[in-house]
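**Student:** Sequence plus predicted model, see below.
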Amino acid sequence: MHAFFTPFGVYPNNAIVGGSGDIAVGAALYKKVNRKDGIVVANIGDASMACGPVWEGLTFATMDQFNELWEGDMKGGLPLIINIMNNQYGMGGQTCGETAGYTIAARIGAGLNEDQLHAERVDGYNPLAVIDAYKRKRKILEEKRGPVLLDVLTYRYSGHSPSDASSYRSKEEVEAWEAQDSIAWFGRELVKAGVATEEQLVGVKGDTINLMESSMKLAIDLTISPRMDMAKYPNLIGEMIFGNESVDRMEDRAPDVNHPMAENARVQQLAKKERFAFDENGKAHSKIKTYAYRDGIFEAIIDRFYKDPTLIAYGEENRDWGGAFAVYRGLTEALPYHRLFNSPIAEAAIVGTAIGYAMCGGRVIPEIMYCDFLGRCGDQVFNQLPKWQAMSGNVIKMPVVLRVSVGSKYGAQHSQDWTALTAQIPGLKVVFPATPYDAKGLMNAALQGTDPVIFFESQRLYDMGEMFHKGGVPEGYYEIAIGEPDIKREGKDVTILTIGATLYRALEAADILQEKYGMSAEVIDARSLSPFNYEPVLASVKKTGRIIISGDASSRGSFMKEMAQTISELAFDDLDAPPVVVGSRNWITPAYELEDSFFPCAEWMIDAIHEKIVPLKGHVVKNNFTSAEQIRRNKLGV
Amino acid sequence: MPKSQFIDPSEVRKAGKITFNPIPVNQYNKTVEEEKANFSNEDLLRIYRDMVVIREFETMLNLIKIRGDYNGITYDHPGPAHLSIGQEAAAVGMAYTLGVEDFIFGSHRSHGEILAKGLSAIAKLSDEQLMQVMESHFDGITFAPVKNGHTGT
């Protein structure tokens, strides 16, 4: 799967069945949007036509908007051939007659668009039949009538892998195909047509064997083809995980925009807003006047749209609606369709196509709306996005910023914080800003890099003004380094480290601790999960000797637990008590009206400090943070 | 849904039916003799050669996996090998017309496709272009093992 060679147009294979079914669509999108020559071929198996992400890729590739809404030279279909290498088996399952219902895979084309994907079945045992099909289909792509689907019929004599005993097919069947072997047949045809002599064909075979033998000798000779020297360079693979580059634009040319940025209505509106949450008397500005978290994200993104001509953004309701949380309001007016568009409700395709787009050299912001939908693009986020930079030895870059919003008020399937799922995967950068200043600075940093960044936002935060950064959110460009936590309030008696929106509940707890118990809390906002610089946290713990870690994720297996373990290990001698995690319950997220019993709040933080770290004089607990209760809950798995 | 497009209930509620066009199946029926007008003898022989190269490469992998040697050259490969022996015509046909600006993406069974695309690219690029690619890609690291004793394309 590591075997590819971009100078020859050979892009990655994929160890995940159907993995190229959406990535290749993104590559074709890159060609189209950036006016690049060439077509894209997705070589996928017949059995992969059962995979959800492949269908999502096909749905994305056949969107009406390419013809109905995209304008000028952008009007028209993608330069893409879905090439089904139909060897009629998916591992040991026979697609025709057992595991699929299409009988002939080309039938699939009929269900996808009026052109039926120009689908046809081609005899893949005759190379000239396949070449003929490619010549004809290429014309269709040049006329912008793509994509095309080819069902190239073939057969493998070899098993799925050498351990395959072929118990799922008869000897007679394999022999019947071998009797029609394409190489032997084509050789005979060449001789018959007077193109070559038998001797020439024997010569080809002999030359090839010599070539294989000499190549194999070179490949297995470790003095000629040395492996990576991990003894001498123990961090060599680690150095390939991220590029850590700083790149203003992926290409140097004027970006396609509808008007100068200064003429944009949202930009003009923001110029009149209050960039700090409070006036000189400490009174909060009205919501309508306040420059909010969503504005910070918007400013970073529109700035990049005018800087980087390759930048595109898409997701559900990203265009006319301005995104479900109004982050993109105003962008529709600024950008042509091919730079900002609505995607199908298909998260696997949203992320998968972004991966293909970035692989080819473009910058892209896919958006999946709710964090809860991460499961819908699990393979793309876990297996594809994080892997290809290192798998390519950093030949391929992955400038993808995936926007993910953590919900609230929306119940069990729309309110989950799954930050740990992404932070656990090597190869992803993960950030979760909680203030407008941090949101803008981190989005700028994410968009300046060429590494994949999972950018978590929270629906508790979109309306928030800037309460911390003196002077408010700067109008100009600035970056906040990914990985650096920020002390939001200094203190000396206890540290509260927060992930995401719990920052504000921690500040509330800090106020109560000060007022009622004379205890000063230092509140640190993690801002990033991976990478993460522990030094400021360790310095804080050295001072306070106590730490609680809070976030909105269910606590079991959360990133808070990861932080607690790391801090225990690194600050053991400075700690009065083990770090305490105050996360959400290990339940389903209940309806809004019951959320107080599920998500951490200031009261829980204080109860936890009292019970597990230091007794607070006169404090009466309302929640059970005892060890016995912790054991009981774990026994029950809740 | 953009406002520029109007969904008219009296249109979309009308009775009707969806029709499909026939989908061609294995309609190609030319002989090599007939194709001689479109391909030189050299082209046709190269198509044959590319298929043979892919077959032999995968045969080598298969023998290494099951016997630990290929023509007396021994090697142990504990990792995977998903082979496509039998599928060579499909791979070579797919890659034959593609240029280096055409991108292919693959699966777990794509040795043949990669080799076919690589051989197709080699046939289309000049020796100078190929030398430039090999010397610059990965700073020439992948070129190094074959640099000495290289006898040209």
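**Tutor:** Yes, it's here. Residues are numbered from 1 along each chain as shown, chains lettered A, B, ... in the order given.

**Student:** drop to CA atoms for contacts and neighbour counts, all remaining ones
**Tutor:** Fine.

**Student:** The one helix or strand A:Glu569 maps to - contacts with which helices or strands?
**Tutor:** Following DSSP states H and E, the helix or strand that holds A:Glu569 is helix A:559-571. For helix A:559-571, the helices and strands in contact under the criterion 3 or more Cα pairs under 8 Å, 6 or more residues apart in numbering or on different chains; DSSP states H and E are helix A:419-423, helix A:535-544, strand A:547-554, strand A:580-584.

**Student:** quick one: buried residues of it?
**Tutor:** The neighbour-count check on helix A:559-571 (16 or more other Cα atoms under 10 Å in any protein chain shown) flags A:559-564, A:567-568, A:571 as buried.

**Student:** for stretch A:508-521, same thing?
**Tutor:** Applying a neighbour-count criterion of 16+ other Cα under 10 Å, the buried positions in stretch A:508-521 are A:508-513, A:519-521.

**Student:** Just the ones of those in strands?
**Tutor:** In strands, judged by DSSP state E, the following of the buried residues of stretch A:508-521 are found: A:Ala521.

**Student:** What strand or helix carries the closest residue to chain B within chain A?
**Tutor:** Minimum separation of chain A from chain B (Cα to the nearest Cα) falls at A:Asn13, amounting to 3.9 Å. With secondary structure defined by DSSP H and E, A:Asn13 is part of neither a helix nor a strand.

**Student:** Spit out the contact partners of it.
**Tutor:** When contacts are counted by Cα atoms under 8 Å, 6 or more residues apart in numbering or on different chains, A:Asn13 is found next to A:1-4, A:20, B:105-108, B:110.

**Student:** Would you state the strands of the stretch 1-150 of chain A in chain order?
**Tutor:** In order along the chain, the stretch 1-150 of chain A carries the following strands (DSSP state E, counting those that start in this stretch): A:40-45, A:80-86, A:89-90, A:93-94, A:120-123, A:148-153.

**Student:** just so I know, which of those lies nearest A:Pro386?
**Tutor:** Smallest distance to A:Pro386 across those (Cα to Cα): 20.6 Å, for strand A:40-45.

**Student:** Quick check: beta-bridge partners of A:Ile365?
**Tutor:** A:Ala313 (DSSP bridges).

**Student:** quick one, the helix holding A:Glu569 and strand A:580-584 angle?
**Tutor:** With axes from the mean of the first three to the mean of the last three Cα atoms, to 10 degrees applied, the angle from helix A:559-571 to strand A:580-584 works out at 170 degrees.

**Student:** starting at the chain centroid, how far to helix A:559-571?
**Tutor:** If you compare the mean C-alpha spot of helix A:559-571 with that of the full chain, they lie 26 Å apart, counting by Cα atoms, centre = their mean, to the nearest Å.

**Student:** Emit the PyMOL select command for whichever of the contacts of A:Asn13 are buried.
**Tutor:** With 16+ other Cα under 10 Å as the burial test, the buried ones among the contacts of A:Asn13 are selected in PyMOL as follows:
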select buried, (chain A and resi 1+4+20) or (chain B and resi 105+106+107+108+110)
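
**Student:** Mind checking which of the contacts of A:Asn13 land in helices?
**Tutor:** A:Ser20 (DSSP state H).

**Student:** quick one: stretch A:107-119 to chain centroid distance?
**Tutor:** A distance of 29 Å separates the centroid of the chain from that of stretch A:107-119, by Cα atoms, centre = their mean.

**Student:** circling back to that earlier point, so which of the contacts of A:Asn13 is the closest to A:Ala539?
**Tutor:** Sorting these by how near they are to A:Ala539, with Cα to Cα, puts A:His2 at the top with 42.1 Å.

**Student:** Skipping adjacent residues, who's closest to that closest one in space?
**Tutor:** Take A:His2 and drop its neighbours on the chain: the residue closest to it by Cα to Cα, 6 or more residues apart in numbering or on different chains is A:Met391, 5.7 Å away.

**Student:** Quick check: the one you found vs B:His82, distance?
**Tutor:** Here A:Met391 is placed at a distance of 18 Å from B:His82 (Cα to Cα, to the nearest Å).

**Student:** Next, the buried residues of stretch A:430-449.
**Tutor:** Neighbour-count burial for stretch A:430-449, counted by 16+ other Cα under 10 Å, picks out A:430-449.

**Student:** returning to that earlier point: quick one, which of the contacts of A:Asn13 has the minimum pLDDT?
**Tutor:** Across the set of the contacts of A:Asn13, A:Met1 stands lowest in pLDDT, at 63.

**Student:** If I look at the closest residue to A:Val406 other than its chain neighbours, what pLDDT would I see?
**Tutor:** Leaving out its chain neighbours, the residue that sits closest to A:Val406 by Cα to Cα, 6+ apart is A:Ser458, at 4.5 Å. At A:Ser458, the predicted lDDT confidence score is 97.

**Student:** So A:Ser458 sits against A:Leu503, correct?
**Tutor:** No: proximity of A:Ser458 to A:Leu503 does not meet the contact threshold set by Cα atoms under 8 Å, at 11.7 Å.

**Student:** Give the residues shared as contacts by these two.
**Tutor:** Contact criterion Cα under 8 Å, 6+ apart; residues shared by A:Ser458 and A:Leu503: A:Ala434.

**Student:** Would you state the strands of chain B in chain order?
**Tutor:** Listed in chain order (using DSSP E), the strands of chain B are B:69-70, B:73-74, B:103-105.

**Student:** and these as JSON lines, adding distance to A:Val381?
**Tutor:** Shown next, in JSON lines, are those (distance: least, Cα to Cα, whole Å):
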{"stretch": "strand B:69-70", "distance to A:Val381": "39"}
{"stretch": "strand B:73-74", "distance to A:Val381": "39"}
{"stretch": "strand B:103-105", "distance to A:Val381": "18"}
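
**Student:** which residue sits closest to the residue in chain B that chain A sits nearest to, ignoring its sequence neighbours?
**Tutor:** Of all residues in chain B, B:Gly106 sits closest to chain A, with a separation of 3.9 Å (Cα to the nearest Cα). Of all residues beyond its chain neighbours, the one nearest B:Gly106 is A:Asn13 (3.9 Å), with distances taken as Cα to Cα, 6+ apart.

**Student:** measure that neighbour to B:Pro2 for me?
**Tutor:** Counting by Cα to Cα, the gap between A:Asn13 and B:Pro2 amounts to 37 Å.

**Student:** next one: phi and psi at A:Arg376?
**Tutor:** A:Arg376 adopts backbone torsions of phi -70, psi -20, taken as degrees, to the nearest 10.

**Student:** Quick check: mean pLDDT of the longest helix belonging to chain B?
**Tutor:** The residue-count maximum for a helix in chain B (DSSP H) belongs to helix B:41-67. Confidence for helix B:41-67, expressed as mean pLDDT, is 96.

**Student:** which ones are touching A:Gly441?
**Tutor:** Counting by Cα under 8 Å, 6+ apart, A:Gly441 has contacts A:300, A:477-481.

**Student:** Emit the ChimeraX select command for whichever of those residues are buried.
**Tutor:** Restricted to the buried members of these, where burial is judged by 16+ other Cα under 10 Å, the ChimeraX selection command reads as follows:
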select /A:300,478,479,480
